[in-house]
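# turn this into a structure:
(one chain, ligands or ions: 1)
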Amino acid sequence: MGASIRWTARLRALLRRWRGAPQTWLIVGGFVLMAAMAIGTGLTVDRFRQNAIETGRDSLESSVRLLARHFDREFEDFAVLQKSIIAELESHGIESADVFRSEMGTLAMHEVLRTRASGWSDVAGANVFDANGVLINSSRRWPVADISASDRGYFTRLKNDPALQEEIEVVPGRFGNGPAIVFARRVSGPHGEFLGLVSRAIAPEQLESFFASTGLGEESSIAMHHQNGQLLARVPHVDAMIGQNYRTGSAEQKAVFERSFVTTELASPIDGKDRLVASRMLAGEPLVVVATKSRDATLATWRTQTKFFVTVAVLSIGLLVLTLLLIFRQVTRRVSLEKQRLDTAMNTMTQGLLMFDQDQRLIVCNRRYIEMYGLSTAVVRPGTYFRELIQHRADTGSFDGDVDSYCDDILANIGRIKSNIVETSDGRLIEIKNQPSAAGGWLATHDDVTERIRADERIAHMAHYDALTDLPNRVLMRGHLERRVAELAHGNPFAILYIDVDEFKGVNDSLGHEVGDELLRQVASRLRACVSGNDLVARLGGDEFAIIKAGTSDRAELTALAERILRALRMPVDCKGQEISTDASIGIAIAPDHGDDLEELLKRADLAMYAAKSEGRGTFRTFVPEYDDKARQRRQLELDLRQALARGEFEVHYQPLVDLSANVVTGCEALLRWRHPERGMVSPADFIPVAEDTGLIGEIGEWVLKQACLEAASWPGDIHIAVNVSPVQFRSRTLALKVAAALAESGLAPGRLELEITETVLIRDDAEALTILQQLRELGVRIALDDFGTGYSSLSYLHRFPFDKIKIDRSFICDIGEPADSSPIVQAVVHMAAARHMATTAEGVETETQREVLRQLGCSQMQGWLFSPAVPAAKLKQLLSKQAAAA
Ligand SMILES: Nc1nc2c(ncn2[C@@H]2O[C@H](COP(=O)(O)O[C@H]3[C@@H](O)[C@H](n4cnc5c(=O)[nH]c(N)nc54)O[C@@H]3COP(=O)(O)O)[C@@H](O)[C@H]2O)c(=O)[nH]1
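Sure, this is the predicted structure:
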């Protein structure tokens, strides 16, 4: 039973495969066409054959019909003559044979006969015989010959049978003549006594010559028979046949002499050939006209036609076969080419591909699939059942599930597209897509998506985790916070701790990015160590971190956490061989105490952190409402600052720079002042950072530069002007252009302009900064390094760029004259600067002692309140005029 089902399935599969091949259709189509041509030709030939036979029959029928009609008319005339003679004879009232003989055997009667029979030249003359059969008169000759008809059958029959009026018979000729067809009529007395007969005769040749005139063609015959079967005349003529009786043989053959008309096929009793026969009885005489034609002759034309048709059909089929062979070859080539292409395409696919038929048998499988699972081509080949294939995979170790349930699941879903990713025993991820095929099977693709999925996972991880520390990033933290905010409704408080690593930029800039990165990783690890599993530690970017402390609003607990964090961060850490201790500023916002809106909470944590920073760093602050006020004030400052330039609220003041050895003003520093309409004078220390944060510094700085240059251009002598350049301005890339424009506009000599930049400018991007400095130097302006000593590796910059001047920061000057002052440092800087031909300016000189010490240390210039604070332009002009006057 099972074997039979399998065989049926195989047969069905074979048929399906066979059906699908284009060559199959070509062969089938070719055979159908050839069969159609053969059948068509056969049918046509058969039709033509029937037509030929029907035509033959029709022709015979019409021939006998015409002949019968013709002879009917002939013999009727013939009979009329006889009857008129008999009537003539009988009109004499003869009552005995003797009287008949004597009255009829006269010359006068001869004349009557001759006159009556004269119109019938082709018929023998009319003869009158007496009751003994002796010829007593004749239309042809007088006196008559001595002839007796008493031996003739017709005489005997007419004499003996009063009912018989006429007899027709072929009789052999007398005196060496050929046979004759005799038409004899009885002459009876008034009481029916036999008196004699009147006969006329016609030679068979005369009928035959008429038959011949119809031109029936080869193997045809026309004959006239008596109804009793005796042959009277025939074409073609055969002497021996005349007079023979043919009413013999089969009933069908006899019927020819019995029925009015017959059309049939018979084996000829004459020549034994199959013949078409048509016969017709004459209406007036017991005669039958029979026409025949052999079947062979009838079909002669048809045979010629058939030969032609068959030849044409054979040639057409031959041509068709040839054409089909050529097409077959083309199609086979094309199919083979397409198969090659398909094979190439399939085997260069990166996916494994399988196609199954509706009986779950493998139709196609590419190399990639075999290689993907390390399978055997002896097992995985067309015809293999799906279940056998999965079993083979299980046997060879690339499938470790339950074969049956896996197959059942796939087979239950082959009607629809299904895709899933499975993990192989060796850890690869394979995406399997099954989709139904039109033929009822399905197509399966196996795509090794391990790399893609891993990459997707990596990308997804990167989208939510910080690459450096592997901590959740801002995006993930927001998602986490949204959930925490949602849980507030359930009474679950939480806190946000914003942590900013103090001075990280300095470490990064001075010790390098690698050290900076390592420091951040260490910070991340220490922060993680400070919290429990429910808490989230995130890196928000740069040196900013955050901790979301779940389940508490307890300030003591949060304070303890902040202190724990600070302690942890302050512990020295080894970063790439550098021992670094760092610190942090922490801002804390508590939900719901400080709000239940995510944005608000984040802002408040930030404000608290900002407060911690501005209140000395290395500490933490919990949000208080005043921070909101400060933020509001700053926002207001920002708004006012945006309008200050347009409203003309800025002024440039100038602080003299005094040469220490000559004690004369040799330059001035331009210092910006903001005369706020409500707040009064606002310190640049307060608004310059805001201007830098908002980007307004670009516009403001350009204005200061132009003002200072214009002002300096009006000063006497070669007193130079120093202008502060913010790092933000410095990075704008258009600084050199703006400086050149200010110089051009004011007419100030470039050598009188000094630009003060801070170390921050150099720290960030050395190469770019040096390029900008070079551009400025090429303009001819002087460059001073401001606030020297407050950065990280100040000395290294002096090697890389030859500044014109170093301004020693106020923090080194203010303690001069006190115990353990900074004089040695100042001394070192002055020596180093002198060695590189740089001038030095001491900032913030407030006392005579400081001035004296600085002068002794060899410092070039001083700037400070000791001499003059920054003053308005007009006041400076007076000061300079006084100095000029004193000189
Ligand atoms: N980018 C720009 N920065 C500017 C501009 N104008 C000023 N500034 C910077 O603002 C900071 C504060 O400036 P200011 O309040 O004007 O303070 C300067 C002096 O007034 C002050 N100074 C001078 N002598 C003394 C002194 O004897 N004692 C003392 N305590 N302070 C003194 O020092 C400031 C000048 O510093 P520096 O620029 O480093 O020479 C300040 O950083 C300015 O640079 C501007 O237009 N653009």
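# for this protein, longest strand please?
Scanning the chain for the strand with the most residues, using DSSP state E, yields strand 664-676.
# that one and the ligand, are they touching?
Yes. Using C-beta under 6 Å from any ligand atom, strand 664-676 reaches the ligand at E669, L671, L672. Yep, even glycine has a C-beta here, placed from its N, CA and C like the rest.
# which of the residues you listed tops the neighbour count?
Using other C-beta atoms under 10 Å as the neighbour criterion, E669 leads the residues of strand 664-676 next to the ligand with 23 neighbours.
# where does the residue nearest to that one when sequence neighbours are not counted fall, secondary structure wise?
Excluding the flanking residues, the one nearest E669 by C-beta to C-beta, 6 or more residues apart in numbering is A722, at 4.3 Å. Per DSSP states H and E, A722 falls inside strand 720-724.
# next helix or strand past the longest strand of the chain?
With DSSP H and E, the next secondary element past strand 664-676 is strand 680-682.
# could you point out which element follows that next one?
For strand 680-682, the following helix or strand on the C-terminal side (DSSP H and E) is helix 684-694.
# pull out the buried residues from that following helix.
Residues of helix 684-694 classed as buried by neighbour count (16 or more other C-beta atoms under 10 Å): P684, F687, I688, V690, A691, E692.
# show me what contacts the residue in the stretch 501-650 of the chain that the ligand sits nearest to?
Across the stretch 501-650 of the chain, the shortest distance to the ligand (C-beta to the nearest ligand atom) belongs to F650, at 8.9 Å. Contacts for F650 were tallied using C-beta atoms under 8 Å, 6 or more residues apart in numbering; they are A644, L672, R673, W674, R675, I700, W703, V704.
# bridging residues for it?
Beta bridges link F650 to W674, judged by DSSP bridges.
# and it, what's its pLDDT?
Listed pLDDT for F650 reads 97.
# could you do A79 as well?
For A79, pLDDT reads 78.
# can I assume it sits in a helix?
Yes. Under DSSP: H, G, I helix; E, B strand; the rest coil, A79 sits within a helix.
# thinking again about what came up before, you'd agree the residue nearest to E669 is up against L671?
No. Using C-beta atoms under 8 Å, A722 is not in contact with L671; the gap is 9.5 Å.
# the ligand contacts on this protein?
Residues of the chain lying near the ligand (C-beta under 6 Å from any ligand atom): 655, 669, 671-672, 683-685, 688, 701, 704, 724, 726, 786-787, 810, 843-846, 863-865, 870.
# give me the buried subset of those.
Of the residues of the chain next to the ligand, these count as buried by 16+ other C-beta under 10 Å: 655, 669, 671-672, 684, 688, 701, 704, 724, 726, 786-787, 810, 843-845, 863-864, 870.
# and the helices in the stretch 551-700 of the chain, which stretches?
555-570, 598-614, 625-647, 684-694, 697-713 (DSSP state H, counting those that start in this stretch).
# now these in TSV, with distance to H225 and mean pLDDT?
Formatted as TSV, the helices of the stretch 551-700 of the chain follow (distance: least, C-beta to C-beta, whole Å; pLDDT from 0 to 100):
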stretch	distance to H225	mean pLDDT
helix 555-570	145	96
helix 598-614	131	94
helix 625-647	143	93
helix 684-694	142	93
helix 697-713	142	97
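# which one of those helices lies closest to L60?
helix 598-614 (117.6 Å; C-beta to C-beta).
# the residue nearest to E669 and L743, how far apart?
14 Å (C-beta to C-beta, to the nearest Å).
# what's the answer for Q391, then?
On the measure of C-beta to C-beta, Q391 and L743 end up 89 Å apart.
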